[in-house]
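Student: Structural data only, the sequence is not supplied:
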């Protein structure tokens with residue numbers, strides 16, 4: 001049979017594929033963690049920006065009254 005592989009070669013190929021799949025899964029989990037961290041940073045930055053904007057608006061109103 002041309003192109004046939006023995007059981008040992010097939011087992012080795014399957015083990016290699018399983019290891020690669022595990023590595024890709026771990027990489028996906030790591031990237032998901034990075035994405036979630038980026039979302040948290042973005043949310044915090046938005047909150048800070050909004051706080052600064054509110055403070056500036058308050059200061060502007062106070063200066064107009066003065």
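Tutor: The structure has been received and is ready for your questions. Because the structure is a prediction, the values reported are computed rather than measured. Residues are numbered from 1 along each chain as shown.

Student: tell me the SS of residue 4?
Tutor: coil (DSSP: H, G, I helix; E, B strand; the rest coil).

Student: Okay, residue 14 and residue 53: tell me how far apart.
Tutor: Per Cβ to Cβ, to the nearest Å, residue 14 is found 58 Å from residue 53. To be clear about C-beta, it is placed using only N, CA and C from the backbone, and glycine gets the same treatment.

Student: swap in residue 20?
Tutor: 49 Å.

Student: now do residue 59
Tutor: To residue 53, residue 59 is 11 Å away according to Cβ to Cβ.

Student: cool, and residue 43?
Tutor: Distance, residue 43 to residue 53, using Cβ to Cβ: 16 Å.

Student: show me where this protein has helices.
Tutor: Ranges of helices in the chain, per DSSP state H, are 7-65.

Student: Show the low-confidence segments of this protein, by residue range.
Tutor: Low-confidence segments of the chain, defined by pLDDT under 70: 1-3, 66.

Student: Now residue 5: phi and psi?
Tutor: Main-chain dihedrals, residue 5, degrees, to the nearest 10: phi -120, psi 150.

Student: Ignoring the adjacent residues along the chain, who's closest to it?
Tutor: Spatially, and ignoring its direct neighbours in sequence, residue 5 is nearest to residue 13 (7.4 Å; Cβ to Cβ, 6 or more residues apart in numbering).

Student: Taking the centroid of the chain, which residue is nearest it?
Tutor: The centroid of the chain falls nearest to residue 35 when counting by Cα atoms, centre = their mean (1.9 Å).

Student: Count the residues that sit near residue 23.
Tutor: 10 (other Cβ atoms under 10 Å).

Student: Same question for residue 40.
Tutor: Number of residues near residue 40 (other Cβ under 10 Å) recorded here: 10.

Student: again, but for residue 65
Tutor: A count of nearby residues for residue 65, using other Cβ under 10 Å, gives 5.
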